[in-house]
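Trainee: The following comprises the amino acid sequence and a computationally predicted model.
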Amino acid sequence: MIDNKYIRFDWAAKRMLRDKANFDVLEGLITVLIGEETKIVELLESEGNQNAPDDKYNRVDVMARNSKGEYIIVEVQLTREIHYLERMLYGTSKVVTDNIRLGEKYDQVKKVYSINILYFPLGSGKDYVYHGTTRFVGIHTHDELSITDYEANTLGMRNPSDVFPEYYLIRVNEFNQLATTPLEEWLDYLKNVHIKDDTTVPGLQEARAKLRYMQMDEKERRQYERDMENQMIQNDVLETARIEGKAEGREEGLAEGREEGRAEGRAEGLAEGKAEGRAEGRAEGRAEGLAEGKAEGRAEGKAEAQRENARKMKEKGIPVDTIAEITGLAPAEIKEL
């Protein structure tokens with residue numbers, strides 16, 4: 001029934017959950033995930049919670065501070081980002097350094113929780129939630145380093161797990177089961193936008209009351225529907241780019257951060273077809289083979305390298321006949337470059 005239709009979490013996080021009156025929804029998710037009751041004191045400005053055009057459909061991140069003064073990053077990533085793990089590390093590191101002033105003692109460093117809600121495949125694990133912490137383990141004794149009572153009570157030292165950032169990776173698309181636990185109910189909402197009528201899960205009770213589609217005014221509903229349509233269009237564009245990248249296997253610019261959608265398509269297509277073609281066919285590392293086979297990949301890589309070299313020589317004003325003699329390409333083909 002449309003009365004039970006709920007707003008998607010990523011959209012709500014971008015526009016509705018920043019209202020202090022709605023903090024309880026986000027608090028519920030963090031509480032269920034971390035395993036202890038969390039209260040958000042304030043939301044802080046971060047890279048992704050500014051409504052930049054390229055951020056609108058791609059990612060949402062909320063940076064919050066709890067009652068302990070600890071920082072919590074909640075990020076929703078809708079599309080593939082190849083170096084996402086590196087970006088997670090950068091994000092937590094930046095929060096640490098941005099929130100301690102020059103000259104302050106290191107005991108002012110606050111713990112950072114990084115919660116990442118991912119709608120793209122990352123890695124090959126079988127679980128849908130992964131948790132990472134920093135532990136120091138003896139290489140000979142295999143025991144875990146911890147502080148003594150004296151260090152804790154007298155010196156105010158903290159265990160490594162209380163200092164270093166803590167990471168949660170929620171792989172939403174990997175959740176395919178009946179929701180029976182609080183965390184599973186949250187995954188059911190994140191993936192299927194479904195909330196049980198009789199839920200008692202922290203955050204979802206509040207979401208049932210505050211994130212109903214029919215509670216939005218007409219302007220908000222139109223904006224929501226437009227954004228959902230745009231997301232569908234972008235997903236289609238990304239899938240098309242992936243297919244084209246796999247078939248052609250020759251676009252360059254992954255390292256330079258070209259358009260994200262085409263980079264995703266190329267990354268998947270090139271990985272399957274061009275390893276040997278790149279090694280033999282492109283002196284500058286730009287050869288990309290086809291997924292259909294190593295032999296075809298090598299041939300395409302060499303041909304693309306010849307065309308690229310010919311194109312550069314043509315731009316430098318070298319005569320077509322000379323280019324043809326050097327590259328072995330037909331003059332007519334060179335003129336079309």
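Mentor: Alright, I've got the coordinates. Numbers count the residues shown, from 1 in each chain.

Trainee: For the chain, which segments count as strands?
Mentor: Using DSSP state E, the strands found in the chain span residues 40-44, 59-66, 71-77, 112-118, 129-132, 166-171.

Trainee: need the ones you listed in CSV with distance to Arg307, can you?
Mentor: (Glycine included, C-beta is placed from N, CA and C.) Shown next, in CSV, are these (distance: least, Cβ to Cβ, whole Å):
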stretch, distance to Arg307
strand 40-44, 50
strand 59-66, 37
strand 71-77, 36
strand 112-118, 38
strand 129-132, 44
strand 166-171, 40
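
Trainee: lowest average confidence, helix or strand, in the chain?
Mentor: helix 275-281 (a mean of 58; mean pLDDT, DSSP states H and E).

Trainee: In this structure, which residue is most central in space?
Mentor: Central residue of the chain (Cα atoms, centre = their mean): Gln77, 4.1 Å from the mean position.

Trainee: I'd guessed it sits against Ser114; true?
Mentor: No - between Gln77 and Ser114 there is no contact under Cβ atoms under 8 Å: 11.9 Å.

Trainee: picking up where we left off before, now tabulate the strands of the chain in a markdown table and tack on mean pLDDT and distance to Lys210.
Mentor: Converted to a markdown table, these look like this (pLDDT from 0 to 100; distance: least, Cβ to Cβ, whole Å):
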| stretch | mean pLDDT | distance to Lys210 |
| --- | --- | --- |
| strand 40-44 | 76 | 15 |
| strand 59-66 | 76 | 16 |
| strand 71-77 | 89 | 17 |
| strand 112-118 | 94 | 19 |
| strand 129-132 | 95 | 24 |
| strand 166-171 | 95 | 21 |
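
Trainee: what number of residues lie near Cys209?
Mentor: Just so we're on the same page, residue 209 is Ala rather than Cys. 11 (other Cβ atoms under 10 Å).

Trainee: I'd like the distance from it to Arg171, if you could.
Mentor: For Ala209, the distance to Arg171 equals 28 Å [Cβ to Cβ, to the nearest Å].

Trainee: which residue ranges form the helices in the stretch 101-250 of the chain?
Mentor: Using DSSP state H, counting those that start in this stretch, the helices of the stretch 101-250 of the chain run over 149-153, 160-163, 182-192, 204-210, 218-248.

Trainee: wait, what's in contact with Glu70?
Mentor: Lys110, Lys111, Val112, Tyr113 (Cβ atoms under 8 Å, 6 or more residues apart in numbering).

Trainee: The same query, at a cut-off of 6 Å, please.
Mentor: Glu70 makes contact with Lys110, Lys111, according to Cβ atoms under 6 Å, 6 or more residues apart in numbering.

Trainee: and what of the one 5 residues further on?
Mentor: The contact partners of Glu75, by Cβ under 6 Å, 6+ apart, come to Asp61, Asn116.

Trainee: Please name the bridge partners of it.
Mentor: For Glu75, the beta-bridge partners under DSSP bridges are Asp61, Asn116.

Trainee: distance of Glu325 from Asp198?
Mentor: Distance, Glu325 to Asp198, using Cβ to Cβ: 79 Å.

Trainee: So which of the two has more stuff around it?
Mentor: Between Glu325 and Asp198, counted using other Cβ under 10 Å, the more crowded position is Glu325 (11 against 7).

Trainee: Can you tell me how far that one is from Tyr150?
Mentor: In terms of Cβ to Cβ, Glu325 sits 81 Å off from Tyr150.

Trainee: Also Ile30?
Mentor: Distance from Ile30 to Tyr150, counting by Cβ to Cβ: 33 Å.

Trainee: now swap in Gln77 and tell me
Mentor: 43 Å.

Trainee: for Asn66, same thing?
Mentor: The gap separating Asn66 from Tyr150 is 28 Å, by Cβ to Cβ.

Trainee: More neighbours: the two, which one.
Mentor: Asn66 (21 against 9).

Trainee: who's in contact with the spatially closest residue to the more buried one that is not a sequence neighbour?
Mentor: Nearest non-adjacent residue to Asn66, counting by Cβ to Cβ, 6 or more residues apart in numbering: Thr38, 5.3 Å away. By Cβ under 6 Å, 6+ apart, the contact set of Thr38 is Glu27, Ile30, Thr31, Asn66.

Trainee: where does the closest residue to Glu81 other than its chain neighbours land on pLDDT?
Mentor: Closest residue to Glu81 in three dimensions, ignoring its sequence neighbours and counting by Cβ to Cβ, 6+ apart: Arg87, at 6.6 Å. According to the prediction, Arg87 has pLDDT 91.

Trainee: What of Asp55?
Mentor: Listed pLDDT for Asp55 reads 44.

Trainee: again, but for Ser146
Mentor: Per-residue confidence (pLDDT) for Ser146: 91.

Trainee: what do you get for Asn176?
Mentor: For Asn176, the predicted pLDDT is 91.
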